[in-house]
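[1] below is the sequence, then the predicted model.
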Amino acid sequence: MVGGWIIDIWRGREKVRLWCVDRHGDECCVYVEHFESERGPKIGDEIWWQCGKVMFDYDRKRLRKIGYSFAPPATALTGRA
């Protein structure tokens, strides 16, 4: 999975977690650099990532990706895919 539509945004002090779902119903999370809410993607926006960048707004805007994508917390706890 390399992208989808944002269903949750969690803000930490140093990074932001974007949780998304793709057209097949698969869910995935990715951390990005901290951004001001008005300048970044919103819930419902489509994102995708490649080469350390997360693209949104029809590829017109980018954020630096931190680390690898990972299973969302609920999936990790329940073992569901």
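    Noted; the coordinates are in hand.

[2] from now on I want contacts and neighbour counts done on CA atoms only, so please keep to that.
    Fine.

[3] can you give me the strands for the protein?
    Under the criterion DSSP state E, the chain contains strands at 3-11, 15-21, 27-33, 46-50, 53-56, 61-70.

[4] residue contacts, residue 22?
    With contact taken as Cα atoms under 8 Å, 6 or more residues apart in numbering, residue 22 is in contact with 1, 3, 4, 5.

[5] measure it to residue 69 for me?
    Spatial separation of residue 22 from residue 69 under the definition Cα to Cα, to the nearest Å is 13 Å.

[6] identify the contacts common to these two.
    With Cα under 8 Å, 6+ apart applied, the contact sets of residue 22 and residue 69 do not overlap.

[7] can I get the strands of the chain in JSON lines with distance to residue 40, mean neighbour count and mean pLDDT?
    Output for the strands of the chain, formatted as JSON lines (distance: least, Cα to Cα, whole Å; neighbours: other Cα atoms under 10 Å; pLDDT from 0 to 100):
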{"stretch": "strand 3-11", "distance to residue 40": "11", "mean neighbour count": "18", "mean pLDDT": "96"}
{"stretch": "strand 15-21", "distance to residue 40": "10", "mean neighbour count": "21", "mean pLDDT": "96"}
{"stretch": "strand 27-33", "distance to residue 40": "10", "mean neighbour count": "21", "mean pLDDT": "96"}
{"stretch": "strand 46-50", "distance to residue 40": "11", "mean neighbour count": "18", "mean pLDDT": "97"}
{"stretch": "strand 53-56", "distance to residue 40": "8", "mean neighbour count": "20", "mean pLDDT": "98"}
{"stretch": "strand 61-70", "distance to residue 40": "8", "mean neighbour count": "16", "mean pLDDT": "96"}
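
[8] select, out of those, the one closest to residue 39.
    Distances from residue 39 to each of the strands of the chain were compared by Cα to Cα, and the smallest falls on strand 61-70, at 9.2 Å.

[9] strands paired with the closest one, and their directions?
    Strand partners for strand 61-70, identified by DSSP bridges, are recorded as strand 27-33 (antiparallel), strand 53-56 (antiparallel).

[10] to residue 43, which of those strands lies closest?
    strand 53-56 (11.7 Å).
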